[in-house]
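J.: I would like to see how this sequence folds:
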Amino acid sequence: MSRTSTVFCLLLAVLLGSGCRMFERREEVYKESRSHPPLQVPEDLDRPQMDDALYIPELPAVAGTRRYGGEVPATPAGSQLAEDSLFVADTLPSTWRRARLALDRIPEASILEADEVAGKATVQAVATRPVTGFFRRLVRREEKVVETFELRFEAEGAGTRIRTVGGGQVARAVLQRLKERLG
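T.: Next up, the predicted model:
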């Protein structure tokens, strides 16, 4: 019995060792590859338009930097947080798109409804706060607070203002997170 179990264990070890490619020789084929010239378009065919194929738009200029020989006028830099609003130094469509992405990446907040034309988004956010009261604290330390509020996007001067409507501390916390993400 002992000899049979030893042979079985040895066979099992060989099978497991070969399954993990321990004994396989790895060839690095990519090191032997050659670069090929671009495809040539025959003379009797039209060359496809590729001018705007990889167009990269320019970033907004930072105040005080020179651009093409002229000075760029000063614009509000970054975002500024107020009591119930956030000013972002960017256009309304760009702020809308960036804020939607930022809200999708904040795990405590979720967008219930969004209307880009009206510039409104209904957001539900969850936060925790310490429990008040002696007997409640014996059972648990924190309680969940769920708040539903509206974010309104309005063009203001050279930027966009995001206002909270119907929100409290949780809405201000979401605005703070938006400020961190939007810059």
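J.: Tell me which residues touch E116, please.
T.: 93, 96 (CB atoms under 8 Å, 6 or more residues apart in numbering). All C-beta atoms are positioned from the backbone trio N, CA, C, and that covers glycine.
J.: ok, now with 7 Å
T.: Shown in contact with E116 (CB atoms under 7 Å, 6 or more residues apart in numbering): W96.
J.: how about low-confidence regions in the protein?
T.: 1, 17-27, 30, 50-79, 137 (pLDDT under 70).
J.: and if we set it to 50?
T.: For the chain, the stretches with pLDDT under 50 are 62-76.
J.: tell me the helices in it, going along the chain?
T.: Assigned by DSSP state H, the helices in the chain fall at 2-19, 92-104, 134-139, 169-182.
J.: Mean neighbour count and distance to V146 added to those helices, as CSV?
T.: CSV is the format used below for these (neighbours: other CB atoms under 10 Å; distance: least, CB to CB, whole Å):
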stretch, mean neighbour count, distance to V146
helix 2-19, 9, 50
helix 92-104, 16, 16
helix 134-139, 9, 18
helix 169-182, 18, 8
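J.: Tell me which of those helices sits nearest to L45.
T.: Among the helices of the chain, the nearest to L45 by CB to CB is helix 92-104 (39.1 Å).
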